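Sequence plus predicted model, see below.
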Amino acid sequence: MRIFISSMLLVFISACSQPILQKEVSYLTVLHTNDNHGRFWHNKHGEYGMAARKTLIDQLRGEAKAKGHSLLLLSGGDINTGVPESDLQFAEPDFKGMSEIGYDAMAIGNHEFDNSLEILDTQQSWANFPFLSANIFDKLTNKPRYQPYTIIKKNNLTIAVIGFTTTDTAKIANPKHVGSLAFKKPEAIAASLLSEIQQKHQPDITIAVTHMGHYVDANHGVNAAGDITLARSLPKGALDIVVGGHSQEPVCMAEKNTVDVTFSPGKPCRPDHQNGTWIMQAHEWGKYVGKAEFKLEDGQLTLLNYALLPVNLYKLGSDGERLKQLANEYIEPNQALKALLLPYQQRGEKQVLGNVGYTNGKLEGDRNKVRLQQVNLASLIISAQMTAVEADFGIISGGGIRDSIQAGDISYKDVLKVHPFNNLISYIDLSGQQIVDYFSVIAKFPPDSGAYLQYKNISFNWQDGEIAHVKIKGQPIELNKTYRMSINAYNASGGDGYPTLTDHQAYVATNKTDAEVLKHYIEVNTPINIADYAVDNLETNAN
């Protein structure tokens, strides 16, 4: 009898329990960085650096595991170019450091093409995670040149991660490195690729890891379309998350389509949300690790919280200057990773040791200046290049100047930070009319772009939409006279969208690099008096 009652009770309990099924709920923590640009080692203030980043990420992994969260670590690309110690070693320490930290995937950035395609393939061999881009195609085969996406299994979650690269790479990367590649519009590829992935893999969460840029309310100006345009081009919520890079900003929003201009290290940050897609970016250089915690319930993904976690950054004053107080508690660098990276740092330091000169003031090369107005560092650079090829005047695009030189001693490292690309210096002999025609194109490139024209020994203005009053060395240009222009091989090859000059019969490329030429000029002309390279911005361009 007891057996019968117990059996009936079990049947009753089982029957009652069936309608009360628990909803399946999963949790995911997404960590992200972008635009590393060679910063595998901490700076002179002890800020960021991969060893401290690993300590923080290891801690975040532990916290996620304790909460029952799956965890994904992604990079928005541009690992290459920015610090000589890394550049001279083709970012080997950076990719090996990322492998030790445990990245799951990264987007291919435009600066991944600062070296040859063979170097990029070698860099992939150094990494234990995939480099992704679905919109870079081989022109000959019309097939993707790189892995378009990866499917990652995390506990009970299937996550699709798709890569996209800015189409601006075709004009801002070195033409000799990307000439065999086609950069197709991501929004033209995304919908069909997402459909294919859905049919093959039925992912629970779909993420785009991109190097395209975040442009508020999709106002991308002269830049190629970015993350918001991509999100808006798809059915609502087709992409759950975008982890981005390229515009090198902390994506923190005050409200819809309004940036939180008050954000600084240690303050709260809310990512952008467009058409059902969360869009995130963690500034640059590993200064922050972005952390987003999500809940997935009944197919609905909800952002629980988000933060940009500073990696040993100092707080900033109202004037933007670094204060003496850290924005967070000090993060002790991971000793094993530091030991792995130390030989690379030491090897790189040996290659850049030694001062080459002195300047009595700052030579301005900051990104927010050199792409907007004429600067004294450009004047110095063009002077060096003109001298090297005995030119009458010279030009360089603002995007070719990558850093400032501070007042005081100038080291070889300072020079390499200004010129990390090893562009060859060249020259071309043109008639006055050809110069007027050429400048009618390049002087129209707008401010706030890498193509913005820096120039020396030539002046001009605009009249009724046409270039006018052109002078070389202060004298009106003679249309039938021949003049020599200095230019680097990157711009001459069509880099930054400049008209191609390399097929012109009067074009000559030297074997001297921009860094070598600048170093020699500083050595010969030190001390550098910034008054000798002062510029005014009274001359107008087309904008």
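Great, that's in hand.

Which neighbouring elements make contact with the host helix or strand of Ile382?
With elements taken from DSSP states H and E, the one containing Ile382 is helix 376-389. When contacts are defined as 3 or more C-beta pairs under 8 Å, 6 or more residues apart in numbering; DSSP states H and E, helix 376-389 sits against strand 393-397, strand 424-431, strand 453-456, strand 482-488, strand 507-513, helix 514-525. Backbone N, C-alpha and C define where each C-beta goes, glycine included.

and Lys417, which of those is closest to it?
Lys417 lies closest, by C-beta to C-beta, to one member of those: helix 514-525, at 9.5 Å.

what's near enough to touch His69?
Each residue near His69 by C-beta atoms under 8 Å, 6 or more residues apart in numbering is listed here: Tyr27, Leu28, Thr29, Glu293.

State the three-state secondary structure for Gly38.
When the structure is split into helix, strand and coil by DSSP: H, G, I helix; E, B strand; the rest coil, Gly38 lands in coil.

Please, which helix or strand holds the residue nearest to it when sequence neighbours are not counted?
Of all residues beyond its chain neighbours, the one nearest Gly38 is Ser86 (3.2 Å), with distances taken as C-beta to C-beta, 6 or more residues apart in numbering. For Ser86, the enclosing helix or strand under DSSP H and E is helix 84-87.

what sits up against whichever helix or strand comes after that helix?
Beyond helix 84-87 in the direction of the C-terminus, DSSP H and E gives the next helix or strand as helix 92-101. By C-beta under 8 Å, 6+ apart, the residues outside helix 92-101 that reach it are 36, 38-41, 50-51, 53-54, 57, 73, 75, 79-80, 86, 106, 123, 126-129, 336-337, 340-341, 344-345.

among these, which are in helices?
When the contacts of helix 92-101 are checked against helices using DSSP state H, the ones located there are 50-51, 53-54, 57, 86, 123, 126, 336-337, 340-341, 344-345.

hang on, the earlier thing: can you add mean neighbour count and give the helices and strands packed on helix 376-389 back as CSV?
As requested, the helices and strands packed on helix 376-389 are arranged in CSV below (neighbours: other C-beta atoms under 10 Å):
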stretch, mean neighbour count
strand 393-397, 25
strand 424-431, 21
strand 453-456, 22
strand 482-488, 22
strand 507-513, 15
helix 514-525, 20
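
Nearest to Thr359, out of those?
Set against Thr359 and scored by C-beta to C-beta, the helices and strands packed on helix 376-389 come closest in helix 514-525, at 8.2 Å.

and that closest one with strand 507-513, angle?
Between the axes of helix 514-525 and strand 507-513, defined by axes from the mean of the first three to the mean of the last three C-alpha atoms, to 10 degrees, the angle is 70 degrees.

Distance from the chain centre to helix 514-525, please.
28 Å (C-alpha atoms, centre = their mean, to the nearest Å).

now it against helix 376-389, angle please.
Between helix 514-525 and helix 376-389, the angle formed by their directions is 90 degrees, by the same axes, to 10 degrees.

And helix 514-525, what does it pack against?
If contacts are counted by 3+ C-beta pairs under 8 Å, 6+ apart, helix 514-525 sits against strand 355-359, helix 376-389, helix 412-418, strand 424-431.

now the ones you listed in TSV, with distance to Leu140?
Supplementary listing: these in TSV, determined by distance: least, C-beta to C-beta, whole Å:
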stretch	distance to Leu140
strand 355-359	44
helix 376-389	36
helix 412-418	35
strand 424-431	27
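
could you give the mean pLDDT of the helix holding Ser86?
What helix 84-87 shows for mean pLDDT is 96.

tell me what that helix is packed against?
Judged by 3+ C-beta pairs under 8 Å, 6+ apart, the packing partners of helix 84-87 are helix 335-352, helix 412-418.

can those helices go into TSV with extra columns for mean neighbour count, mean pLDDT and distance to Tyr533?
Formatted as TSV, the helices and strands packed on helix 84-87 follow (neighbours: other C-beta atoms under 10 Å; pLDDT from 0 to 100; distance: least, C-beta to C-beta, whole Å):
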stretch	mean neighbour count	mean pLDDT	distance to Tyr533
helix 335-352	16	97	24
helix 412-418	22	95	14
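
With distance to Ala531 as added columns, please give those in JSON lines.
Converted to JSON lines, the helices and strands packed on helix 84-87 look like this (distance: least, C-beta to C-beta, whole Å):
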{"stretch": "helix 335-352", "distance to Ala531": "28"}
{"stretch": "helix 412-418", "distance to Ala531": "20"}
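
And these: which comes nearest Cys269?
Of all those, the one in closest proximity to Cys269, counting by C-beta to C-beta, is helix 335-352 (26.3 Å).

Now do that closest one: distance to the chain's middle.
Between the centre of helix 335-352 and the centre of its chain there are 23 Å (C-alpha atoms, centre = their mean).

Could you do stretch 432-449 as well?
Counting by C-alpha atoms, centre = their mean, stretch 432-449 is centred 26 Å from the centre of its parent chain.

Show me what the mean pLDDT comes to for that stretch.
Per-residue pLDDT values over stretch 432-449 give a mean of 95.

buried residues in it?
For stretch 432-449, a neighbour-count test (16 or more other C-beta atoms under 10 Å) marks Gly432, Gln434, Ile435, Val436, Tyr438, Phe439, Ser440, Ile442, Ala443, Phe445, Ser449 as buried.

and stretch 268-275, C-alpha only, in CSV?
Listed in CSV are the C-alpha atoms of stretch 268-275, where the atom choice follows Å, rounded to 0.1, in the frame of the first residue of the first chain:
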residue,chain,number,x,y,z
PRO,A,268,30.4,55.6,-15.9
CYS,A,269,29.9,54.9,-19.6
ARG,A,270,26.9,53.7,-21.6
PRO,A,271,27.5,52.3,-25.1
ASP,A,272,25.5,53.4,-28.1
HIS,A,273,22.3,51.5,-29.0
GLN,A,274,21.2,51.6,-32.6
ASN,A,275,18.4,49.6,-34.3
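
got the angle for the host helix or strand of Val436 vs strand 482-488?
Secondary-structure assignment from DSSP H and E places Val436 in helix 432-442. Comparing the axes of helix 432-442 and strand 482-488 via the same axes, to 10 degrees yields an angle of 30 degrees.

What lies in contact with helix 432-442?
Contacts made with helix 432-442 from outside it, assessed by C-beta under 8 Å, 6+ apart, are listed as 395, 430, 451, 453, 458, 460, 466-467, 470, 472, 477-481, 483, 485, 498-499.

what inclination does that helix have with respect to strand 393-397?
Direction vectors for helix 432-442 and strand 393-397, defined by the same axes, to 10 degrees, enclose an angle of 20 degrees.

mind checking how far stretch 89-105 is from the chain centre?
For stretch 89-105, the distance between its averaged C-alpha position and the chain's averaged C-alpha position is 16 Å (C-alpha atoms, centre = their mean).

Just the buried positions in that stretch, please.
By neighbour count, and taking 16+ other C-beta under 10 Å as the criterion, the buried residues in stretch 89-105 are 89-91, 93-98, 100-101, 103-105.

now, the most widely separated pair of those?
Taking every pair in the buried residues of stretch 89-105 and measuring C-beta to C-beta, the maximum separation is 24.2 Å, between Gln89 and Asp104.

sorry, back to before: figure out how far the helix holding Ser86 is from the centre of its chain.
Relative to the centre of its chain, helix 84-87 is centred 16 Å away, using C-alpha atoms, centre = their mean.

Tell me how the protein divides into domains.
Taking automatic domain parsing as the reference, the chain has its domains at 25-347, 355-533.

and the angle from the helix or strand hosting Thr29 to helix 92-101?
In this structure, Thr29 sits in strand 25-33 according to DSSP H and E. For strand 25-33 against helix 92-101, the angle by the same axes, to 10 degrees is 160 degrees.

Look up the closest residue to Val222, ignoring the ones flanking it.
Here the nearest residue to Val222 in space, its sequence neighbours aside, is Ser449; by C-beta to C-beta, 6+ apart that works out to 4.8 Å.
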